[in-house]
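In: curious how this folds, go ahead:
(one chain, ligands or ions: 2)
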Amino acid sequence: MSRIITRRGLVTGAAVGAGTLLAGCDRLGQNETFRSILFKGEDIHRGLQRALTDRGALAPQFTEAQMSPIFRENGTRNPNTDAYNAHVANRFADWRLKVGGLVDRPLDLSLAQLRSMPARTQITRHDCVEGWSAIGKWHGPMLGTVLKAVGVRRSARYVVFHCADLYRGTPYYESIDMIDAFHPQTILAWAMNGHPLSVGHGAPVRLRVERQLGYKHAKYVMRIDAVESLAGIGLGKGGYWEDNVDYDWYAGI
Ligand SMILES: Nc1nc2c(c(=O)[nH]1)N[C@H]1C(S)=C(S)[C@@H](COP(=O)(O)O)O[C@H]1N2
Ligand SMILES: [Mo]
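Out: Ligands and ions are numbered 1, 2, ... in the order given. You can find the predicted model right below:
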């Protein structure tokens, strides 16, 4: 099956498989429970997308013993703007993560609120396009949990991450589609290797999107927007590197 990135496209692409799966639907359709599961909405579409493509597969996870003794800091190592430095100085007490765009209930989340959310811990390998890898332990709520809390609208196709840093003078941003946004290993990490995230690795919160290359893992996330299109954001290709160096928007590994 071809990898179609739009939600609608994927559902269409999935129709062949789904047809077989749901043969006898008329009969089963009498059953209200079955019907409500089938047509529950977005969750089921995403589940179907995951089931019928390889996009839902989990990235390999590792043991504590396999963790890298040194994990490089890459790209921006300190945003070093007045605003960011002020956040560091008071330990991000006034910092807020804004979650908005095409959502029903936009949220401003404090770091304390993010830290109180149910979280995942995962030891994964980070692969940078520049040719280095490192295994680290990441901890934070699933992005999907946050997106469910704000109620992402059906029209939203991408999730955009706006960061606190300028990289070579340009605001760093990244974006992923809804399959990765709701992938169970896609988390808003606020801890790394058992400690609060350091400035070098993206304090206070960075994205982990484990099925993709390093540059998609936005550090210093300040704002998350659900959008229908990437046009008009940055130069329109969905991320700093995509806009400026022609890296692929989908950097699957
Ligand atoms: N905001 C922001 N996020 C970023 C970058 C950056 O420069 N700014 N660099 C990216 C790249 S290329 C990589 S490899 C990883 C590096 O993460 P690390 O510093 O924790 O190793 O962050 C990614 N996310
Ligand atoms: Mo990278």
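In: dump the residue contacts of the residue of the stretch 1-150 of the chain found nearest ligand 2.
Out: Taking CB to the ion, ligand 2 has its nearest neighbour within the stretch 1-150 of the chain at residue 128, 3.4 Å off. In short, each C-beta sits where N, CA and C put it, glycine included. The neighbours of residue 128, taking CB atoms under 8 Å, 6 or more residues apart in numbering as the test, are 72, 74, 213-215.
In: measure it to residue 154 for me?
Out: 35 Å (CB to CB, to the nearest Å).
In: residues from this protein in reach of ligand 1?
Out: Counting by CB under 6 Å from any ligand atom, the chain comes close to ligand 1 at 72-76, 128, 163, 165, 167, 172, 201-202, 214-215, 217-220.
In: now, those residues that are in strands?
Out: Among those, DSSP state E puts 163, 165, 167, 172 in strands.
In: separate out the buried members of the residues you listed.
Out: For those, a neighbour count by 16 or more other CB atoms under 10 Å gives the buried set as 163, 165, 172.
In: dump those residues into CSV; add distance to residue 234 as well.
Out: Formatted as CSV, these follow (distance: CB to CB, whole Å):
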residue, distance to residue 234
163, 11
165, 14
172, 9
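In: can I get those in CSV with pLDDT and distance to residue 91?
Out: Shown next, in CSV, are those (pLDDT from 0 to 100; distance: CB to CB, whole Å):
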residue, pLDDT, distance to residue 91
163, 98, 19
165, 98, 19
172, 98, 22
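In: between these, which sits nearest residue 143?
Out: Within these, distances to residue 143 taken as CB to CB reach their minimum at residue 163, with 15.0 Å.
In: mind listing the residues bridging to that closest one?
Out: residue 221 (DSSP bridges).
In: compute the number of surrounding residues for the residue in the chain that ligand 1 sits nearest to.
Out: Proximity of the chain to ligand 1 (CB to the nearest ligand atom) peaks at residue 75, 2.2 Å away. By the criterion of other CB atoms under 10 Å, residue 75 has 19 neighbours.
In: hmm, residue 167 and it touching each other?
Out: Yes. If you go by CB atoms under 8 Å, residue 75 and residue 167 touch, sitting 6.2 Å apart.
In: burial measure for the residue nearest to residue 230 when sequence neighbours are not counted, as a count.
Out: Distances taken as CB to CB, 6 or more residues apart in numbering place residue 238 nearest to residue 230, at 4.4 Å, with adjacent residues excluded. Neighbourhood size, residue 238 [other CB under 10 Å]: 26.
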